[in-house]
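Asks: heads up, no residue letters with this:
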Ligand SMILES: Cc1cc2nc3c(=O)[nH]c(=O)nc-3n(C[C@H](O)[C@H](O)[C@H](O)COP(=O)(O)O)c2cc1C
């Protein structure tokens, strides 16, 4: 049987399949379907310095092969995460990735400071959040801001630091390079793609927030293209996500250059999706004579 283990920035994952932030809570509900220790890792719900109630509903709209969401980072806050969720997660024997969000750089820094010395194995910064100090454009859309936030958090973060990139930019390789040069240990991509839907009868946007982020199968080709572009520019590992619903999608993402993958929206339609992906990857490797999953990373043969 092929070896499924991967090493991301010094952290060993038993397999390359991680559940994506915001699709899996803190793991408890899915642990009723299967032991979450089967997963390579879990990226927890985006956590902020203080509790957030999120945006008013409706905050999910269905789209062909995907969903549009404007949940608005509802979460119980970092202190609650440390006290109530981490002790349980620690017992589950999987890689724990804390996904961090904020409105200004100091929010990120203070939140990550609180996670030092805890069971968190990796920190993933969600920089798709509006920067309130700079007019509300997402941190992740400017290289200068990506560098700044990465540098500041790097100073206080002992764990491997993953910067999660937004696809809502002209050239994602520029923000990836900015993260790398400022000290990121890995990048993950993609976060959701900004979108909008309108109810033609009420003439109102379906989401109360007017706009939201598109995810699910519809975004896979965009994500594969961006992972491929980024993996060809940076030296640090790339964690690929966006639209993976089955094992073939995960293989595609890894051939494009992802060292590990995350699965988000697919969990909503099939809670067993990540398990099926792990099993499918293993079978693909065995059928094709690969000894290790690392052997397929970046192996797309470009025309
Ligand atoms: C309902 C929902 C909530 C999300 N919340 C977060 C979050 O808190 N932090 C984050 O970095 N990404 C969040 N995401 C983005 C996902 O982690 C992922 O980047 C994106 O959905 C693309 O992957 P997918 O197509 O497999 O879902 C959220 C996505 C959805 C659908």
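Replies: Done, it's in. Computed from a predicted model, the values in this text were never measured in an experiment.
Asks: Could you pull up the contacting residues of the most centrally placed residue in the chain?
Replies: When the chain is reduced to its mean C-alpha position, the closest residue under Cα atoms, centre = their mean turns out to be residue 20, at 4.7 Å. By Cβ atoms under 8 Å, 6 or more residues apart in numbering, residue 20 lies in contact with 43, 241, 262-264. Using the backbone N, CA and C atoms, a C-beta is placed for each residue, glycine as well.
Asks: next one: residue 257
Replies: Listed by Cβ under 8 Å, 6+ apart, the contact partners of residue 257 are 227-228, 230-232, 238, 240, 297-298, 300.
Asks: go with 7 Å
Replies: By Cβ atoms under 7 Å, 6 or more residues apart in numbering, the contact set of residue 257 is 227-228, 231-232, 238, 297-298.
Asks: can you count the residues close to residue 12?
Replies: Neighbouring residues of residue 12 were enumerated by other Cβ atoms under 10 Å; the total is 11.
Asks: Got the phi and psi for it?
Replies: phi -90, psi 130 (degrees, to the nearest 10).
Asks: so what's it closest to, chain neighbours aside?
Replies: residue 5 (6.2 Å; Cβ to Cβ, 6 or more residues apart in numbering).
Asks: Return the residues of the stretch 1-150 of the chain in contact with the ligand.
Replies: Applying Cβ under 6 Å from any ligand atom, one finds that the stretch 1-150 of the chain approaches the ligand through 20-23, 45-46, 67, 69, 71, 73, 99, 126.
Asks: Show me just the buried residues among the residues you listed.
Replies: 20-23, 45-46, 67, 69, 71, 73, 99, 126 (16 or more other Cβ atoms under 10 Å).
Asks: Do you know the pLDDT at the closest residue to the ligand within the stretch 201-303 of the chain?
Replies: With distances taken as Cβ to the nearest ligand atom, the stretch 201-303 of the chain approaches the ligand most closely at residue 264, which sits 2.5 Å away. In this prediction, residue 264 carries a pLDDT score of 98.
Asks: ok, it - how many residues close by?
Replies: Other residues within reach of residue 264 by the criterion other Cβ under 10 Å amount to 26.
Asks: before we move on, what about residue 150?
Replies: Residue 150: 24 neighbours (other Cβ under 10 Å).
Asks: next one: the one 3 residues further on
Replies: For residue 153, the number of neighbouring residues by other Cβ under 10 Å comes to 25.
Asks: and what of residue 138?
Replies: 19.
Asks: OK, contacts around the residue nearest to it when sequence neighbours are not counted?
Replies: Ranked by Cβ to Cβ, 6+ apart and with sequence neighbours excluded, the top spatial neighbour of residue 138 is residue 128, at 5.1 Å. Residue 128 makes contacts with 138, 140, 166, 191, as judged by Cβ under 7 Å, 6+ apart.
Asks: Looking at these, which is nearest the ligand?
Replies: The closest of the contacts of residue 128, once distances to the ligand are taken by Cβ to the nearest ligand atom, is residue 191, at 4.5 Å.
Asks: Against which helices or strands is the helix or strand harbouring residue 222 packed?
Replies: In this structure, residue 222 is located in helix 220-231 according to DSSP states H and E. Here helix 220-231 is seen to pack against helix 172-181, strand 186-189, strand 238-241, helix 247-256 when contacts are counted using 3 or more Cβ pairs under 7 Å, 6 or more residues apart in numbering; DSSP states H and E.
Asks: In the stretch 51-200 of the chain, which residue sits nearest the ligand?
Replies: Closest contact between the stretch 51-200 of the chain and the ligand, by Cβ to the nearest ligand atom, is at residue 126 (3.4 Å).
Asks: Per-residue pLDDT of the closest residue in space to residue 31 that isn't next to it in sequence, please?
Replies: Here the nearest residue to residue 31 in space, its sequence neighbours aside, is residue 92; by Cβ to Cβ, 6+ apart that works out to 7.0 Å. With respect to pLDDT, residue 92 has a value of 96.
Asks: Now name the helix or strand holding residue 92.
Replies: Counting by DSSP H and E, no helix or strand carries residue 92.
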